[in-house]
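# Here you go, sequence then predicted model.
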Amino acid sequence: MKKIFIAFLLYFSLFSFAKAEVDGFYFGGGLGYASVNIKPQDANGDNLNLHFILGHKLFFNENMGIRVYGNFLYDWMNGLPSHAGNVGSYYHLGANVDFLYNFINRGYTSYGAFVGLNLGFTFWNTTSLDTYLNFGLRAAFNDAHSLELAFRVPFEYHTLNSSTGKEGKQVFNPMLRYVYTFSDYY
């Protein structure tokens, strides 16, 4: 995944022809991976996720900005040991606020980082309130395109089955995503 991200950065850096970062509404999507811990069985497994985001970003100057967005993730579980039982797939809906900082602005390309919080709901076998720390690296090209290497770290376990007391938690969730921005200036 690191080689793919570097290849995209190199391609867009060489073929960028417009302003790198603009304010506006955006949407994006990508793929992610997470390891999951199930307790009280203390079982570990893996899951893949498909995620989508929709929101608005606003830059205060050429380096600092903020974005607000909603997200939808669909996670499907695999690789759990048999003593963990059937956990199945789950969904996550959330609201996010991220602080954006571009540390390199070169003509039509910007490279930066973000950090923020997610507040949402996870729909596993029951519905649970959850919060995540969001952080990652981003690269913006040609007014509207950006790539992000995003990470989500949850703060708590989610109830999977209230009658058995089974709970689950994503330990760490790296994601690679593409984001398209509709400029406010069009």
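The structure has been received and is ready for your questions. What you are looking at is a predicted structure, and each value in this text was computed from that prediction instead of being measured.

# who touches residue 70 in this structure?
Residue 70 makes contacts with 53-55, 93-96, as judged by C-beta atoms under 8 Å, 6 or more residues apart in numbering. Where you see a C-beta, it was placed from the backbone N, CA and C, and this is true even at glycine.

# Return the member of those nearest to residue 134.
residue 96 (6.1 Å; C-beta to C-beta).

# Could you find the closest non-adjacent residue to that closest one?
Nearest in space to residue 96, with sequence neighbours left out and distances taken as C-beta to C-beta, 6 or more residues apart in numbering, is residue 118 at 4.7 Å.

# what helix or strand is the one you found on?
strand 109-123 (DSSP states H and E).

# That strand: which residues count as buried?
Buried residues in strand 109-123, counting neighbours by 16 or more other C-beta atoms under 10 Å, are found at 109-114, 116, 118, 120, 122.

# Just checking the distance from it to the centre of its chain.
6 Å (C-alpha atoms, centre = their mean, to the nearest Å).

# Could I get the average pLDDT for it?
Strand 109-123 carries an average pLDDT of 94.

# what angle separates the helix or strand following it from strand 109-123?
Next along the chain after strand 109-123, taking DSSP H and E as the criterion, comes strand 127-141. Angle between the axes of strand 127-141 and strand 109-123 is 170 degrees (criterion: axes from the mean of the first three to the mean of the last three C-alpha atoms, to 10 degrees).

# Which strand residues bridge residue 28?
residue 53, residue 179 (DSSP bridges).

# what residue ranges in the chain score low on pLDDT?
For the chain, the stretches with pLDDT under 70 are 1-20, 78-88, 160-163, 184-186.

# What segments of it are helices?
With DSSP state H as the criterion, the chain has helices at 2-14.

# give the contact list for the residue nearest the centre of it.
Centroid-nearest residue in the chain, with C-alpha atoms, centre = their mean: residue 150, separated by 5.0 Å. Residue 150 makes contact with 30, 32, 114, 134-136, 174-177, according to C-beta under 8 Å, 6+ apart.

# Could you rerun that using 10 Å?
Neighbour list for residue 150: 28, 30, 32, 51, 53, 98, 114, 134-138, 173-177, 179 [criterion: C-beta atoms under 10 Å, 6 or more residues apart in numbering].

# and residue 66, what are its bridge partners?
residue 58, residue 99.

# From what I see, it and residue 115 are in contact.
No. Applying C-beta atoms under 10 Å, one finds residue 66 not in contact with residue 115, separated by 11.1 Å.

# close enough to count as contact, residue 126 and residue 165?
No. Counting by C-beta under 10 Å, residue 126 does not reach residue 165; the two are 11.6 Å apart.
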